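> coords below, sequence missing:
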């Protein structure tokens with residue numbers, strides 16, 4: 001038995017969880033460590049990129065956004081008249097209007113959810129527009145060049 005074998009045996013007795021590598025294993029371990037290091041480096045790059053993108057968006061997005069284009073909106077609030085208005089705007093068939101009205105009436109009967117350990121203020125459903133669409137000009141744009149630049153800016 002060589003001194004190296006004695007050393008390995010002694011080390012394993014002191015730390016039984018130690019594994020002795022075969023002569024070719026260190027190369028494989030180094031290769032895997034290199035891959036892991038490259039992967040970790042790439043993850044760090046992507047994380048930094050993501051953080052920068054979020055910061056950039058956060059600077060543009062301060063509690064909402066507005067696209068200032070002409071639009072056709074339903075009046076604020078939710079009622080059977082608003083459901084009929086939306087249905088007419090969408091050119092719904094009669095059966096779909098009836099289905100929407102039935103769903104609306106069912107929704108009126110539903111209790112407001114009570115969430116555990118959170119305190120949300122009550123939602124004022126009458127303070128929202130439930131339909132909004134850009135005003136149509138003729139048949140609509142034939143290419144992106146004809147789309148309102150402010151609308152395009154919203155999605156870039």
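It's in. Keep in mind it's a predicted model, so treat the numbers as computed, not measured.
> Distance-wise, check the spatially most central residue of the chain relative to residue 47.
The structure's the chain has its C-alpha centroid closest to residue 54; by C-alpha atoms, centre = their mean the separation is 12.1 Å. Look at residue 54 and residue 47: by C-beta to C-beta, to the nearest Å, they are 11 Å apart. From N, CA and C alone the C-beta is placed, and that goes for glycine too.
> sorry, back to before: can I assume the residue nearest to the centre of the chain sits in a helix?
Yes: Residue 54: assigned to a helix according to DSSP: H, G, I helix; E, B strand; the rest coil.
> Per-residue pLDDT of it, please?
The predicted local distance difference test score for residue 54 is 77.
> Next: residue 106.
According to the predicted model, the pLDDT of residue 106 comes to 97.
> mind checking which helix or strand it is in?
Using DSSP states H and E, residue 106 falls within helix 94-109.
> Break this structure into its domains for me.
Per the record's domain assignment (automatic domain parsing), the chain is made up of the domains 3-60, 71-112+124-154.
> Buried deepest among those, which one?
Taking mean count of other C-beta atoms under 10 Å as the contact definition, the stretch among the domains of the chain with the greatest mean neighbour count is domain 71-112+124-154, which reaches a mean of 12.
> How far off centre is that domain?
In terms of C-alpha atoms, centre = their mean, to the nearest Å, the gap separating the centre of domain 71-112+124-154 from the centre of its chain is 24 Å.
> got the residue ranges for the helices in this structure?
Across the chain, reading from the start of the chain, the helices by DSSP state H fall at 3-14, 25-60, 80-89, 94-109, 149-154.
> Now render the ones you listed as a markdown table, adding distance to residue 117.
Shown next, in a markdown table, are these (distance: least, C-beta to C-beta, whole Å):
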| stretch | distance to residue 117 |
| --- | --- |
| helix 3-14 | 51 |
| helix 25-60 | 28 |
| helix 80-89 | 34 |
| helix 94-109 | 26 |
| helix 149-154 | 36 |
